[in-house]
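K.L.:
Next come a sequence and a model predicted from it.
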Amino acid sequence: QPPLPKAKEFHLGMFEIGKPLGKGKFGRVYLARERSTGFVCALKVLHKTELQQGKVEKQVRREIEIQSNLAHPNILRLYGHFHDSKRIFLILEFAGKGELYKHLRKAQKFPEWQAAQYIAQMASALKYLHKKHVMHRDIKPENILVGLHGEIKISDFGWSVHAPNNRRNTMCGTLDYLPPEMIKPNREENWYSEKVDLWSLGVLTYEFLVGEAPFEDTPVMTQRRIARGEMSVPSFVSAEARDLIKRLLVLDPEKRIPLEEVEKHPWILKHCVKGERAFQRASGDGKK
Ligand SMILES: Cc1cc(Cn2cc(-c3c(Cl)cnc4nc(-c5cn(C)nc5C)[nH]c34)cn2)no1
């Protein structure tokens, strides 16, 4: 893959547009190739009128501002952006294996070694984000893509903000991943911090292993179960995985296991081997 030209100004004529890759609420994503270098990317096309009607221009500006300044193997790159009279174009990294949630639905649930590798990659990406005082706030399978080598890439920074933050944006979409402090902010400290992503990481771990979210129910019941931390882990989930889920899904944000501890958790270490010898041992175990 050659590098994208360091153009000051990008424009549509620089790209050959390929097949549609997907569509979101405010636009579509196409496979694209930059003509002079052959650089392959994903071009997200957003329509200005729809953004105005949806009152999400600020979110898109924030998505561009935040994601442009991130460079991590498990975070989808935003290489640049440009606009014409009607549309805004985001030049995004192309994730060769598409949307993680489609893989999850097809597999129903992931084997523990696969889930553990994904959660280790998520912890590494979130550690990088939190060091920059950015919280994603919308971690869920729908916002994760899979690269050519099976590595995951957090995408869609439309809901990310700089921490701490007490803005009460109207949330849309699933409640399943929201932490208690965003459901029912405590009057005194109605601030929430990047620890909201730790809760969502717990929900994601559960959903990878079980195939459904831990608090999935009717909207009213989901909110009540989240606020009380009411959930049970099925017996087929290993004791180590259950331990990590329980240490992330803690009502008090301050008491959630920090990302450094997640990376050293027995369940993660058991499945995420490092180093050549360990790699041979792992591949010798017939793992894909
Ligand atoms: C608007 C809008 C749509 C979406 C959801 N979405 C993301 C993509 C996408 C991106 Cl941003 C980057 N790389 C991708 N690679 C694929 C893909 C690869 N294969 C083999 N199959 C697919 C599909 N999709 C990518 C597409 N839609 N967010 O905002």
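P.N.:
Ah, there it is.
K.L.:
Report pLDDT for the closest residue to the ligand within the chain.
P.N.:
When scored by Cβ to the nearest ligand atom, the chain has Gly22 as its residue closest to the ligand, at 2.2 Å. No exception for glycine: its C-beta is placed from N, CA and C like everyone else's. pLDDT recorded at Gly22 is 92.
K.L.:
does it really touch Tyr30, like I thought?
P.N.:
No. Gly22 is not in contact with Tyr30 according to Cβ atoms under 8 Å; the separation is 9.2 Å.
K.L.:
secondary structure class for the residue of the chain closest to the ligand?
P.N.:
Put simply, Gly22 is strand when judged by DSSP: H, G, I helix; E, B strand; the rest coil.
K.L.:
Now do the helices in this protein.
P.N.:
48-53, 57-68, 100-107, 112-131, 180-183, 196-210, 219-228, 239-248, 259-263, 266-271, 276-284 (DSSP state H).
K.L.:
got those as JSON lines, with mean neighbour count and mean pLDDT columns?
P.N.:
Output for the helices of the chain, formatted as JSON lines (neighbours: other Cβ atoms under 10 Å; pLDDT from 0 to 100):
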{"stretch": "helix 48-53", "mean neighbour count": "13", "mean pLDDT": "93"}
{"stretch": "helix 57-68", "mean neighbour count": "17", "mean pLDDT": "91"}
{"stretch": "helix 100-107", "mean neighbour count": "15", "mean pLDDT": "97"}
{"stretch": "helix 112-131", "mean neighbour count": "21", "mean pLDDT": "97"}
{"stretch": "helix 180-183", "mean neighbour count": "18", "mean pLDDT": "86"}
{"stretch": "helix 196-210", "mean neighbour count": "25", "mean pLDDT": "97"}
{"stretch": "helix 219-228", "mean neighbour count": "15", "mean pLDDT": "94"}
{"stretch": "helix 239-248", "mean neighbour count": "18", "mean pLDDT": "98"}
{"stretch": "helix 259-263", "mean neighbour count": "17", "mean pLDDT": "97"}
{"stretch": "helix 266-271", "mean neighbour count": "17", "mean pLDDT": "96"}
{"stretch": "helix 276-284", "mean neighbour count": "11", "mean pLDDT": "60"}
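K.L.:
quick one: which of those helices is nearest Leu4?
P.N.:
Evaluated with Cβ to Cβ, the helices of the chain place helix 57-68 nearest to Leu4, the distance being 12.8 Å.
K.L.:
how about the CA coordinates for the closest one, as PDB?
P.N.:
Provided in PDB are the C-alpha atoms of helix 57-68 (Å, rounded to 0.1, in the frame of the first residue of the first chain):
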ATOM      1  CA  GLU A  57     -22.700  18.900  12.400                       C
ATOM      2  CA  LYS A  58     -20.900  19.500  15.700                       C
ATOM      3  CA  GLN A  59     -20.500  15.800  16.200                       C
ATOM      4  CA  VAL A  60     -19.000  15.400  12.700                       C
ATOM      5  CA  ARG A  61     -16.600  18.300  13.400                       C
ATOM      6  CA  ARG A  62     -15.500  16.600  16.600                       C
ATOM      7  CA  GLU A  63     -15.200  13.200  14.900                       C
ATOM      8  CA  ILE A  64     -12.900  14.800  12.300                       C
ATOM      9  CA  GLU A  65     -10.900  16.800  14.900                       C
ATOM     10  CA  ILE A  66     -10.400  13.900  17.300                       C
ATOM     11  CA  GLN A  67      -9.900  11.000  14.800                       C
ATOM     12  CA  SER A  68      -7.400  13.000  12.600                       C
END
